[in-house]
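> Give me coordinates for this.
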Amino acid sequence: GVQLAAASYDALLKLHAVHGDERAVELFREVQASSRLSEGLCVGLLARCAESRFLRFAEEIMQFERSRGGMSIALYSASMKVYAYCGMYDKACDLYDRILED
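Numbering: from 1, shown residues only. Presented below is the predicted three-dimensional model:
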């Protein structure tokens, strides 16, 4: 396929995330394999997932961040927002325990 610039991937990921488009998950995996994803981009993607209630993609992002060394407070905060917007308040509260464990 055609190689896009990193900024193009970022923009496509954000667009898919805000619209709850399943193609975001596939593109995210492709970007993981070919380049480095910044924490800032992942926080921004999680915020967009909250707006669109795109839980599947949000959990993919959280799993990726955990696999590369753990979650920061910014990532946890954005994750809580996703769960809260999805009405999953128990899961949002459970993240406090994970923060303390980390």
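
> Number of residues surrounding the closest residue to Asp21 other than its chain neighbours?
In space, and not counting its chain neighbours, Asp21 is closest to Leu15: 7.7 Å by CB to CB, 6 or more residues apart in numbering. Bear in mind the C-beta positions are built from the backbone N, C-alpha and C, glycine included. The tally of other residues near Leu15 (other CB atoms under 10 Å) stands at 14.

> per-residue confidence at the most centrally placed residue in the chain?
Among the residues of the chain, the one closest to the centroid is Ile61, at 3.5 Å (CA atoms, centre = their mean). Predicted confidence (pLDDT) for Ile61: 97.

> again with the one 3 residues further on
According to the predicted model, the pLDDT of Phe64 comes to 95.

> likewise Val2?
For Val2, the predicted pLDDT is 62.

> go on, Leu15?
96.

> Now do the same contact list for the residue nearest to the centre of the chain.
Phe28, Cys42, Leu45, Leu46, Cys49 (CB atoms under 8 Å, 6 or more residues apart in numbering).

> now Asp21, what's its secondary structure?
coil (DSSP: H, G, I helix; E, B strand; the rest coil).

> and the gap between it and Tyr85?
17 Å (CB to CB, to the nearest Å).

> which other residues reach the helix or strand harbouring Leu45?
Element membership for Leu45 (DSSP states H and E) is helix 39-52. For helix 39-52, contacts defined as CB under 8 Å, 6+ apart pick out 10, 13-14, 17-20, 24, 28, 54-55, 57-58, 61-62, 64-65, 72, 74-75, 78-79, 81-82, 84-86.
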